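1. model this:
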Amino acid sequence: MKIKEVVCAAGRSGYYFDDQAAIKHGAINDGFSYSGEVITPGYKSIRQPGESVSIMFILDDGQIAYGDCTAVQYSGAGGRDSLFLAKDFIPLIEQHLIPFYRNQKISSFKVMAGQLEEFRINGQKLHTAIRYGFSQAILDAVAKKNKQLICETVAAEYNSQVSDHLIPIFTQSGDQRQLNADKMIIKRVPILPHALINNVKTKLGENGEKLKEYLTWLVERIKNLGADKSYQPIIHLDVYGTIGELFGIENHQAITDYLAELVTICQPYALQIEGPIDGNSREEVMDNLATLTSLVDRRKIEVKLVADEWCNTLEDIELFARNKAGHMIQIKTPDLGGLNNTIEAVLICKEQGVSSYIGGTCNETDISARVCLQVAMGICPDQFLAKPGMGVDEAYMIAFNEMQRILAIKAAGI
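-> Numbers count the residues shown, from 1 in each chain. From the prediction side, this is the model:
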């Protein structure tokens, strides 16, 4: 089977591009927008509409394989590739990639993803968003050629087994951290609420008190809305390095003491803290996170620390996992480029005894979310991020229903 033609289309993503540096350095909420000066190169405003580019492989048997090029909400931050705007990259796709894939024979995902990874324009690798979208279309095309579900193709090529159960879904609230938490609890979401704690003064508190107050409220809300004691969600907070910013990234003892307080507040629910510290380089973040992880373990504090910032590539993930910089690593799918790297990252985490979750960003699309979910069911990470958007219902529906379809098809022996 061959790719007869390639078509691309500019699209919207499920959220926005945000200048993280400007937000962390005092941008003011203005309704749903922000006021202040942009800091990260490429941005025209602190919050601007998210964009995507849809990739469609027209196969020679008439089927169509799909993928969406998307980039994370905080593009250009933490060592990531620059802002991904359709008008800037569609001409590049039309000039270089469409001719390359037109009439190309469909082989295996590993082989074709490897070709994509090695593709260069003027000696430069393709933007991560382009590799992400094209790898989705490649994977879909290979599965269609093989007359398989995407998860079956992944399992076959990577010597894995398709999951026989739902992978725990992690949902994100955005700034509507109370209203959206209610939605999560009512729907009995396994892992919640993300909470978007990305500013010390307004969200963490200048003494860490605002997050404590929120957690106290959340625990009571779970008990009140959770219907019965059988609902035991994991509380997972993304704090964007603000705890380290408050106490100092090398003040590990003070950070650990604060984490212990949060654990106590969260009882009887398990706690995961994503991005407790940030820094100016990969090595700085990794070293401090590894020290913090070791200290938490020695003190037997029941919290899982999750690596995110500066852990963007397959090389980064291998380095963080090998150095035990965190108990869990978010595999932020658009940052890794090709989905082959996401798959390899999960396998590396398994080998190193570190938990993994296939994450990504609220700034993706329905297509990228569904393909990622198929990958997750084929390679079995510890959790999966519901995406796109911050509205909870739509993203949770996409993730939950896609898994249920897979399980139903497999149970039917089809």
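
2. and the chain, what are its domains?
-> Following the assignment in automatic domain parsing, the chain carries domains at 3-157, 169-411.

3. out of these, which is closest to Ser163?
-> domain 169-411 (4.9 Å; Cβ to Cβ). For the C-beta atoms, the positions are set from N, CA and C on the backbone; glycine is no exception.

4. and that closest one, how far out from the chain middle?
-> Put simply, domain 169-411 sits 9 Å off its chain's centre (Cα atoms, centre = their mean, to the nearest Å).

5. now do the end-to-end distance for it.
-> End-to-end distance of domain 169-411 (Cα to Cα, to the nearest Å): 21 Å.

6. I'd like the mean pLDDT over it, please.
-> The average of the pLDDT scores along domain 169-411 is 96.

7. got it, and stretch 87-95?
-> 96.

8. if I look at Asn180, how far off is Ala195?
-> Distance of Asn180 to Ala195, computed by Cβ to Cβ, to the nearest Å: 9 Å.

9. what segments of the stretch 301-414 of the chain are strands?
-> 303-307, 328-331, 355-358, 383-385 (DSSP state E, counting those that start in this stretch).

10. contact partners for the residue nearest the centre of the chain?
-> Most central in the chain under Cα atoms, centre = their mean is Gly360, positioned 1.9 Å from the mean C-alpha point. Residues near Gly360 by Cβ atoms under 8 Å, 6 or more residues apart in numbering: Val72, Lys332, Thr333, Pro334, Ser368, Ala369, Cys372, Leu385, Lys387.

11. repeat that with 7 Å
-> Neighbouring residues of Gly360 by Cβ atoms under 7 Å, 6 or more residues apart in numbering: Lys332, Thr333, Pro334, Cys372, Leu385, Lys387.

12. quick one, grab the pLDDT at the closest residue to Val6 other than its chain neighbours.
-> Spatial nearest neighbour of Val6, chain neighbours left out: Ile98 (4.5 Å); criterion: Cβ to Cβ, 6 or more residues apart in numbering. Ile98 carries a pLDDT value of 98.

13. touching, Ile98 and Lys4? I think so.
-> No. The pair Ile98 and Lys4 does not pass the contact test of Cβ atoms under 7 Å, sitting 11.8 Å apart.

14. picking up where we left off before, make TSV from the domains of the chain and add distance to Ser163 to it.
-> Below are these laid out as TSV (distance: least, Cβ to Cβ, whole Å):
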stretch	distance to Ser163
domain 3-157	8
domain 169-411	5
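
15. quickly find the element holding the residue nearest to Val6.
-> In the assignment (DSSP states H and E), Ile98 maps to helix 98-101.

16. helices or strands up against that helix?
-> For helix 98-101, the packing partners by 3 or more Cβ pairs under 7 Å, 6 or more residues apart in numbering; DSSP states H and E come out as strand 3-18.

17. the strand it packs on: what's the following helix or strand?
-> Heading C-terminal from strand 3-18, the first helix or strand you meet, by DSSP H and E, is helix 20-24.

18. quick check: mean pLDDT of the next helix or strand after that following helix?
-> Proceeding C-terminally, helix 20-24 gives way to strand 28-30 as the next helix or strand, assigned by DSSP H and E. Model confidence over strand 28-30, given as mean pLDDT, is 83.

19. which elements pack onto strand 28-30?
-> Contact partners of strand 28-30 among helices and strands, from 3+ Cβ pairs under 7 Å, 6+ apart: none.

20. can you mark which positions in the next helix-or-strand element following it are buried?
-> Next helix or strand after strand 28-30 toward the C-terminus (DSSP H and E): strand 33-35. Applying a neighbour-count criterion of 16 or more other Cβ atoms under 10 Å, one finds Tyr34 buried in strand 33-35.

21. strand 33-35 pairs with which strands, parallel or anti?
-> Each strand paired with strand 33-35, and its direction, by DSSP bridges: strand 28-30 (antiparallel).

22. contact partners of the partner strand?
-> Contacts for strand 28-30 (Cβ under 7 Å, 6+ apart): Tyr34, Ser35, Gly36.

23. likewise for stretch 31-45?
-> Residues contacting stretch 31-45 (Cβ under 7 Å, 6+ apart): 19, 21-23, 25-28, 46-47, 76-77, 82-83.

24. Throw these into TSV and include distance to Val285, thanks.
-> What follows is the contacts of stretch 31-45, written out as TSV (distance: Cβ to Cβ, whole Å):
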residue	distance to Val285
Asp19	20
Ala21	16
Ala22	20
Ile23	19
His25	18
Gly26	22
Ala27	23
Ile28	27
Ile46	24
Arg47	25
Gly76	17
Ala77	13
Ser82	21
Leu83	22
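
25. show me the two of these that sit farthest apart.
-> Between any two of the contacts of stretch 31-45 (Cβ to Cβ), the greatest distance is 25.2 Å, for Ile28 and Ser82.

26. buried stuff in stretch 370-387?
-> Those would be 370-387, for stretch 370-387 by 16+ other Cβ under 10 Å.

27. quick one: contacts for Pro381?
-> Ile167, Val346, Ser356, Tyr357, Ile358.

28. again with Val392
-> Contacts of Val392 (Cβ under 7 Å, 6+ apart): Thr171, Ser173, Asn180, Lys183, Met184.
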